[in-house]
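Participant: following is a predicted model, sequence given first.
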Amino acid sequence: MVAIKAHAVERFVGRPAPGITAFLVYGPDRGLVSERCGDLLSQFAKSPDDPFSVSILDEADIAKSAEPLIEELNTIAFGADRRTVFVRSGSGAAPATLAQAVSAPREGILVVEAGDLKPGSAARKAFENAKNAAALPCYSDGPAALGALIDTSLATFQQSISAEARKDLMARLGADRLASRAEIEKLVLYAGKGASITASDVEEATADASELDLGALVDAVFEGSVKAAEQSLERCLNSGTAPAQILAATIRHVLRLHQASAAVGTGMTPERAISSLAPPVYFRRKDSHIHQMRRWSEPLLRRALALLTEAETDGRLGPTPEASTSRVLLRLALMPKSGRH
């Protein structure tokens with residue numbers, strides 16, 4: 001069987017081709033890999049937890065020999081037409097035994113959960129070349145797939161979502177299917193049945209408290225609000241946010257301001273430059289970002305980045321990372337007023 005194209009995998013899993021009895025599910029999106037394996041198991045087994053019809057093996061079980069796998073595939077199932085064998089987290093570390101199992105006569109169904117296998121992987125070749133097997137790639141969801149996930153969840157709860165909220169939500173999704181589902185589920189449960197979801201709902205439902213505190217901190221620093229910055233820093237440290245996380249968030253903020261500043265240099269207004277950033281700036285922080293753009297020139301932003309990088313090094317090597325972080329943030333908050341570059 002030829003390899004199934006990524007865009008056709010969902011349809012194929014919903015209705016596997018007749019005669020295909022071995023499935024290699026692989027790719028960088030581990031959440032989607034797991035979800036597809038679950039869908040396949042539900043196609044062939046009444047319950048994935050039923051030991052009378054389903055066998056679950058790890059790679060260690062088949063690392064040295066294919067015999068345990070082949071034996072399971074030819075064991076009689078009780079309560080089902082055939083036994084389903086699930087090899088969990090198969091990264092291709094046992095390609096020889098997987099290839100033997102695929103080529104051997106078998107009565108049962110084989111589902112292998114794999115990681116991000118290269119095109120030349122022996123496991124992929126074995127499944128792609130066997131007539132009764134299929135290799136199913138799982139890559140990170142694109143805009144269309146993410147939109148479908150959102151729409152399905154909203155329909156279940158009879159909800160609607162504004163264009164701005166959808167754009168903001170989409171920017172937070174996509175790296176992992178299960179993580180995306182979890183974020184969408186948090187949002188729809190937070191908003192409630194029949195709600196009209198706004199950008200504010202997205203921010204409050206999907207951002208944890210530490211993210212909100214970090215946002216308040218960097219905004220205070222780059223607005224030059226020293227007292228607010230000190231209070232926000234204390235809140236972050238007291239909540240367990242590490243100095244390294246604070247510095248990393250501040251560096252990301254500087255890089256985004258620098259990106260917007262460069263866009264202004266091409267003729268964009270500050271408002272358009274901030275709106276062009278991806279992921280989008282939370283609407284409640286846009287005015288602050290625009291104000292910061294007017295306070296910080298490109299030379300100042302470059303100087304800020306150098307100071308933050310130096311503070312990162314001090315934090316890793318020195319005994320008091322909290323003190324290093326506090327000093328650099330205070331210096332940044334005062335920098336535009338002082339005029340020192």
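Facilitator: Yes, it's here. Residues are numbered from 1 along each chain as shown.

Participant: what about the helices in the stretch 201-341 of the chain?
Facilitator: Ranges of helices within the stretch 201-341 of the chain are 209-223, 226-238, 243-265, 270-275, 286-295, 298-317, 321-338, based on DSSP state H, counting those that start in this stretch.

Participant: could you check the angle the second one makes with helix 243-265?
Facilitator: Put plainly, it is helix 226-238. With axes from the mean of the first three to the mean of the last three CA atoms, to 10 degrees as the basis, helix 226-238 and helix 243-265 are set at 140 degrees to each other.

Participant: other SSEs contacting helix 226-238?
Facilitator: Applying 3 or more CB pairs under 8 Å, 6 or more residues apart in numbering; DSSP states H and E, one finds that helix 226-238 contacts helix 209-223, helix 243-265, helix 321-338. C-betas here are computed from N, CA, C, even on glycine.

Participant: also the fourth one?
Facilitator: Helices and strands in packing contact with helix 270-275 are listed as helix 243-265, helix 286-295; criterion 3+ CB pairs under 8 Å, 6+ apart.

Participant: list the buried residues of the first one.
Facilitator: In this case it means helix 243-265. When neighbours are counted by 16 or more other CB atoms under 10 Å, the buried residues of helix 243-265 are found to be 243, 246-247, 249-251, 253-254, 256-258, 260-261, 263-264.

Participant: just the last one next, same as before
Facilitator: Burial within helix 286-295, assessed by neighbour count using 16+ other CB under 10 Å, is assigned to Ser288, His289, Ile290, Gln292, Met293.

Participant: so for stretch 58-75, what gets flagged as buried?
Facilitator: Glu59, Asp61, Ile62, Ala66, Pro68, Leu69, Ile70, Glu72, Leu73.

Participant: closest one to Leu308 out of those, please.
Facilitator: Nearest to Leu308 among the buried residues of stretch 58-75 is Glu59, at 42.7 Å by CB to CB.

Participant: now mean pLDDT and distance to Ala133 too, for the helices and strands packed on helix 270-275, in a markdown table please.
Facilitator: A markdown table is the format used below for these (pLDDT from 0 to 100; distance: least, CB to CB, whole Å):
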| stretch | mean pLDDT | distance to Ala133 |
| --- | --- | --- |
| helix 243-265 | 91 | 44 |
| helix 286-295 | 91 | 52 |
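
Participant: out of those, which is closest to Leu212?
Facilitator: Comparing the helices and strands packed on helix 270-275 by CB to CB, helix 243-265 comes nearest, at 11.5 Å.

Participant: list of residues touching that closest one?
Facilitator: 210, 214, 217-218, 221-222, 233, 236-237, 270, 272-274, 276-277, 289, 292-293, 296-298, 301-302, 304-305, 308-309, 311-312, 315-316, 321-322, 324-325, 328-329, 332 (CB atoms under 8 Å, 6 or more residues apart in numbering).

Participant: related to what we said a few turns ago, can I get the helices and strands packed on helix 226-238 in a markdown table with distance to Ala80?
Facilitator: A markdown table is the format used below for the helices and strands packed on helix 226-238 (distance: least, CB to CB, whole Å):
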| stretch | distance to Ala80 |
| --- | --- |
| helix 209-223 | 46 |
| helix 243-265 | 49 |
| helix 321-338 | 57 |
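
Participant: which among the ones you listed is found nearest to Arg11?
Facilitator: Of all these, helix 209-223 comes closest under CB to CB, at 36.5 Å.

Participant: got the angle for that closest one vs helix 226-238?
Facilitator: Using the same axes, to 10 degrees, helix 209-223 lies at 150 degrees relative to helix 226-238.

Participant: other SSEs contacting helix 209-223?
Facilitator: By 3+ CB pairs under 8 Å, 6+ apart, helix 209-223 packs against helix 226-238, helix 243-265, helix 286-295, helix 321-338.

Participant: of all these, which one is nearest Glu10?
Facilitator: Of all the helices and strands packed on helix 209-223, it is helix 243-265 that lies closest to Glu10, at 33.7 Å by CB to CB.

Participant: tell me what angle the closest one forms with helix 298-317.
Facilitator: 170 degrees.

Participant: that older thread, with distance to Asp176 added, can I get the helices of the stretch 201-341 of the chain in JSON lines?
Facilitator: Output for those, formatted as JSON lines (distance: least, CB to CB, whole Å):
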{"stretch": "helix 209-223", "distance to Asp176": "18"}
{"stretch": "helix 226-238", "distance to Asp176": "26"}
{"stretch": "helix 243-265", "distance to Asp176": "20"}
{"stretch": "helix 270-275", "distance to Asp176": "27"}
{"stretch": "helix 286-295", "distance to Asp176": "28"}
{"stretch": "helix 298-317", "distance to Asp176": "27"}
{"stretch": "helix 321-338", "distance to Asp176": "30"}
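
Participant: Ser121 is nearest to which of these?
Facilitator: It's helix 243-265; of these, that one is closest to Ser121 (CB to CB) at 34.3 Å.
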